[in-house]
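*Asks:* 3D model of this:
(chains A and B)
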Protein chains: 2
Amino acid sequence: MVKLKARIIDLEVGRRMVLLHEKDAQEIGTLAHDWLKITSGKSKLVTFVDTTKSYLKQGEIGILRDVYDKFRVREGSMVSVSPAKPPESIKFIQKKMNGKPLTKEECYTITQDLVNHRLSDIQIAAFILAEEFQGLTMDEIEYLTKAMVDTGVVIDFDRPCFDKHSIGGVPGNKVTLLIVPIVAAAGLLIPKTSSRAITGASGTADTMEILADVEFDAAELKEIALKASGAIVWGGKLGIAPADDLLIRVEHPLNIDPVGQMLASILSKKLSVGADHVVIDIPVGAGAKVTTVGAARKLAKSFVELSERFNMQLQCGITYGGQPVGHMVGPALEAREALIALQGKGPASLVEKSTELAGMLLELGFIAQPSQGKDFAKKILASGKALKKLREIIEVQGGNPGIQSRDIDVGNHTAEIKAPCDGFVTNVSNNAITAIARAAGAPREKGAGIALRWKRGYKVKKGDVLYRIYAERASKLSDAYNMALEMKPVTVEGMLLHKLPESP
Amino acid sequence: MVKLKARIIDLEVGRRMVLLHEKDAQEIGTLAHDWLKITSGKSKLVTFVDTTKSYLKQGEIGILRDVYDKFRVREGSMVSVSPAKPPESIKFIQKKMNGKPLTKEECYTITQDLVNHRLSDIQIAAFILAEEFQGLTMDEIEYLTKAMVDTGVVIDFDRPCFDKHSIGGVPGNKVTLLIVPIVAAAGLLIPKTSSRAITGASGTADTMEILADVEFDAAELKEIALKASGAIVWGGKLGIAPADDLLIRVEHPLNIDPVGQMLASILSKKLSVGADHVVIDIPVGAGAKVTTVGAARKLAKSFVELSERFNMQLQCGITYGGQPVGHMVGPALEAREALIALQGKGPASLVEKSTELAGMLLELGFIAQPSQGKDFAKKILASGKALKKLREIIEVQGGNPGIQSRDIDVGNHTAEIKAPCDGFVTNVSNNAITAIARAAGAPREKGAGIALRWKRGYKVKKGDVLYRIYAERASKLSDAYNMALEMKPVTVEGMLLHKLPESP
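*Replies:* Below you'll find the predicted structure:
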């Protein structure tokens, strides 16, 4: 047992880590990424090690912020250190790497070690890659789902609870801002938790934040949802299924999202808010997460099978995801478009998609007869009850219930992109639209984004405005504009590509 | 392009990383683990990002040591930051994850990005796991080998060069201290680079360090080896095949060692010192890296196939690895035993193994007739020429050439473990012996270790000493002793395990 002098380093790096001088690490017989047991008085903790040659003297131990929060010691006090056994879940991750299915207990242990910050990024990557390469059985997905629910906050509304989720990838998908008030106006409880954009131009939470606060804890969400019969809040502050956030942090740089883990992550979030009637939106198309209807059907089947294990009524809607939903992309622009759609003046793609999905929920809740859901949803929309309900939700979430679409500020630096020739719009690229909106500042600069004038199938004349870019800052507008010229997100057929030979 | 104020953080964490306030990271549109381009005056660098909520204020960028070394800025100066594209090799790692073989250029790009610290631990883990799950073709192994050589220091002796390597796992394997002087005494050049123990009780470099210095750079190694016709140095300071160290750092916590990568790592180190005649020792047995002769044969075949692609004369020796080699485990004890063996008084297992492997090198070098190598090696050993040669090497490496085995200090805290009954020694566990020697302080406390009195097949009487534990400190002796009582590394058949029923 080696004793080292504590040096508090007020630095967070997102994982529990202490720093040792390389020579001390050698003496203790530990390596960077190993686990170390540290003890001081009654405080005990298992943490990761990193090593340094210069920052510490030999005989010192650097206590970083994330460790210090759990292990309070005074600067200069002595800390006993010894190598710790790796957490038990390492064995189970190895087991999965070797292609063997995990038991319920093993799935629990991995999830617990994950949320207790006992796994390194490398180990988390190993688990995700093992899931990707070896696949997960439906049993494993069930165990992981349950474990993810149980290791986080669970909200119990004590009554039937409705929810929807889109697996994402399509820009402009502000359907939640229509679906939640339609469903809530019909008398069903729909406490929707949403995410902020990670790689997109606006997450539902980013868009809703234009209209109201979205950061609430679990008790506040419960109060809001019971008051208004619905809510649209950011999921990140609720503490539900925290394992998911920790996995996403590693999945993102790996650029993979194992299907089984995605199923577990989505359903665990739904189960954590007590949702027992759920509609899943699976957009299909180039640039969406799922590119073929065949793949979407397979995924839908897995969602249904998993939901049955939790006695959840779940239905998937495979939707057209080949171009943006509606015309607006970016938080403020999307909030505007949602308000306009609730006033009955929305674009067809947005209204159709929203009422289809809302209708599925109304049917699941026996508010509408089978196959009458969409009509019922359209009626609620047309009656103005959905708009009224959204204003009610906005008020309960601390926003201005009287807000009008014209009150919403959008970026005042704008640029227009025009059709290079006569023809038809044959493609609007999801990926390019998202990239340009992000270059313009979205989602962080909320007024930034893109307003599409025309979408697929429309006839345009040379010089017609195809879309307008909005930005809050001139420099970002210029970045976005240049990117637009390069990426050409809207294709107009009839464009002359080459003349061969170049001169006749 | 966002501008942030530089704050130098004199902290190394083993990877190029800057720290941003979470809100700035959001604004820039970057996440922890993403790549960021930083610019200040003429300095430009692509680095990883981590985020903090407390250590920095908004508007600041923390420049950690590993970045600062490549990107000199003054405290408080302004640094422009923007998201950077991931390095190209990310695509190739994804390709390998998808099971597609990599081209020569792709293997080079990955290796270059690795040694230039442009890959995160997560990406490195993804590459290693892809190698493990998808396997590597012999072409890929060849490309990686070459890339690992080319991205490091290469030493050219401009004459035939001999070398040996053990793939490891067996404690007490001090054969290099016999093989190198035997081969050098025969007039062949053998500039042996060795590792320190990572998970073992003593690496060859740890053992040799008892007798002489082992830390040299490439120019010094060249001088030493040409002077003495041989050398035994630590590989870590030479700068050869640096990709290997970076991979090991991640393989260790993953507890995997993909075969193809192991082949590439070993041969790249041999090629980097210009070795064109190589013997590979593949110990087989419980607790060794390879547990069956079948697996060893398969591995040997791969070694031979790879070596042929580099015009290397390579032969594998499959050796018995079911228990420690010789009787001594731990740096000082092993150095003692090696000296004694060079005086002709070594234990059979050590002398047989050393002369077999040395003999293979003598045959490869046409010093001995086919199948006469071992006898030739034994003659050199018996003549005292090998001992004389080791003393010469010790002298050139700055040690005391007159050193005697009794001059070598071993730990003066000792404990003996005795036979619990009459019987035969039926097993000596490699893993348990290593664990106990490490608990006693090896390899860092060089006098710590284990001296085995009896090995497999010996007849012992109840109360006979089975082995002695050495430690430099009483506390470590006590740790090791308790571990020994628990792990029982030496099994004596005849031991009564249970009486059933417990009382008659």
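*Asks:* tally of neighbours for A:A451?
*Replies:* With neighbours defined by other C-beta atoms under 10 Å in any protein chain shown, the count for A:A451 comes to 21. C-beta: built from backbone N, CA, C; applies to glycine.
*Asks:* Can you pull the residues of the stretch 1-150 of chain A lying near chain B?
*Replies:* A:1, A:9-14, A:19, A:26-27, A:29, A:31-34, A:50-55, A:62, A:65, A:90, A:94, A:97, A:120-123, A:125-126, A:129-130, A:132-134 (C-beta under 8 Å from any C-beta of the partner chain).
*Asks:* just the buried members of those residues?
*Replies:* A:9, A:11-14, A:19, A:26, A:29, A:31-34, A:50-52, A:55, A:62, A:65, A:90, A:94, A:97, A:120-123, A:125-126, A:129-130, A:132-134 (16 or more other C-beta atoms under 10 Å in any protein chain shown).
*Asks:* ok, the residue of the stretch 301-450 of chain A at minimum distance from chain B - contacts?
*Replies:* Among all residues of the stretch 301-450 of chain A, A:R444 sits closest to chain B, at 4.9 Å; criterion: C-beta to the nearest C-beta. Contact analysis of A:R444 by C-beta atoms under 8 Å, 6 or more residues apart in numbering or on different chains lists B:Q26, B:E27, B:G29.
*Asks:* and A:L31, that one's in a helix?
*Replies:* No. Judged by DSSP: H, G, I helix; E, B strand; the rest coil, A:L31 forms no part of a helix; its state is coil.
*Asks:* Would you enumerate the residues in contact with it?
*Replies:* The contact partners of A:L31, by C-beta under 8 Å, 6+ apart, come to A:A25, A:V49, A:T51, B:I198, B:R249, B:H252, B:P253.
*Asks:* what are the bridge partners for the second one, then?
*Replies:* Using DSSP bridges, the bridge partners assigned to A:V49 are A:V18.
*Asks:* what's the burial count for it?
*Replies:* 23.
*Asks:* my guess is it meets A:H21, correct?
*Replies:* No. Applying C-beta atoms under 8 Å as the test, A:V49 and A:H21 come out as separate, 10.9 Å apart.
*Asks:* rewinding a little: and the contacts of A:R444 as TSV, adding distance to chain A?
*Replies:* Shown next, in TSV, are those (distance: C-beta to the nearest C-beta, whole Å):
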residue	distance to chain A
B:Q26	6
B:E27	5
B:G29	6
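*Asks:* Let's have those in JSON lines, adding pLDDT and distance to A:R453.
*Replies:* What follows is those, written out as JSON lines (pLDDT from 0 to 100; distance: C-beta to C-beta, whole Å):
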{"residue": "B:Q26", "pLDDT": "78", "distance to A:R453": "30"}
{"residue": "B:E27", "pLDDT": "77", "distance to A:R453": "29"}
{"residue": "B:G29", "pLDDT": "73", "distance to A:R453": "26"}
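*Asks:* Let's see which of the residues of the stretch 1-150 of chain A next to chain B end up in helices.
*Replies:* If you go by DSSP state H, the residues of the stretch 1-150 of chain A next to chain B have A:26-27, A:65, A:90, A:94, A:97, A:121-123, A:125-126, A:129-130, A:132-134 in helices.
*Asks:* From the contact counts, what lies against whichever strand or helix holds A:I224?
*Replies:* Here A:I224, judged by DSSP states H and E, is contained in helix A:218-228. Under the contact criterion of 3 or more C-beta pairs under 8 Å, 6 or more residues apart in numbering or on different chains; DSSP states H and E, helix A:218-228 touches strand A:190-194, strand A:230-234, helix A:385-396.
*Asks:* right, is the helix or strand following the last one up against chain B?
*Replies:* It refers to helix A:385-396. For helix A:385-396, the succeeding helix or strand toward the C-terminus, using DSSP H and E, is strand A:413-418. No. If you take C-beta under 8 Å from any C-beta as the test, strand A:413-418 misses chain B, and the best it gets is 15.9 Å.
*Asks:* mind listing what's buried in strand A:413-418?
*Replies:* So strand A:413-418, judged by 16+ other C-beta under 10 Å, has buried residues A:H413, A:I417.
*Asks:* which residues touch the helix or strand containing A:A382?
*Replies:* Assessed by DSSP H and E, A:A382 sits inside helix A:373-383. The contact list for helix A:373-383, computed with C-beta under 8 Å, 6+ apart, reads A:178, A:182, A:185-186, A:341-342, A:344, A:351, A:354-356, A:358-363, A:367-368, A:386.
*Asks:* from the chain's centre, how far out does that helix sit?
*Replies:* In terms of C-alpha atoms, centre = their mean, to the nearest Å, the centre of helix A:373-383 is found 28 Å from the chain centre.
*Asks:* pLDDT of that helix, averaged?
*Replies:* For helix A:373-383, mean pLDDT is 97.
*Asks:* Also stretch A:227-243?
*Replies:* Stretch A:227-243 comes out at a mean pLDDT of 95.
*Asks:* For the residue in the stretch 151-300 of chain A that chain B sits nearest to, the count of nearby residues, please.
*Replies:* The nearest approach of the stretch 151-300 of chain A to chain B comes at A:P253, 4.2 Å away (C-beta to the nearest C-beta). By the criterion of other C-beta under 10 Å, A:P253 has 23 neighbours.
*Asks:* next one: the one 10 residues further on
*Replies:* A:L263 sits with 24 neighbouring residues when counted by other C-beta under 10 Å.
*Asks:* Determine the three-state secondary structure at A:I110.
*Replies:* Assigned with three-state DSSP, A:I110 falls in the helix class.
*Asks:* ah, wrong one, I meant A:N482
*Replies:* Per three-state DSSP, A:N482 ends up helix.
*Asks:* what stretches of chain A score poorly on pLDDT?
*Replies:* Across chain A, the ranges flagged by pLDDT under 70 are A:13-14, A:494-499, A:501-504.
*Asks:* Can you give the domain ranges for it?
*Replies:* Listed by automatic domain parsing, the domain ranges of chain A are A:2-83, A:162-231+A:271-396, A:413-493.
*Asks:* which of the ones you listed is buried the deepest?
*Replies:* Using mean count of other C-beta atoms under 10 Å in any protein chain shown, the stretch among those with the largest mean neighbour count is domain A:162-231+A:271-396, at a mean of 22.
*Asks:* from the chain's centre, how far out does that domain sit?
*Replies:* Worked out by C-alpha atoms, centre = their mean, domain A:162-231+A:271-396 lies 14 Å from the chain centre.
*Asks:* Please apply the same query to stretch A:122-138.
*Replies:* Here stretch A:122-138 is found 20 Å from its chain centre; the criterion is C-alpha atoms, centre = their mean.
*Asks:* Outside of it itself, list whatever touches it.
*Replies:* With C-beta under 8 Å, 6+ apart, stretch A:122-138 has contacts from A:33, A:89-90, A:93, A:96-97, A:99, A:101, A:110, A:114, A:119, A:144, A:246-247, A:250-251, A:254, A:256, A:258-261, A:264, A:302, A:305-306, A:309, B:97, B:121-122, B:125-126, B:129-130, B:133-134, B:250, B:253-254.
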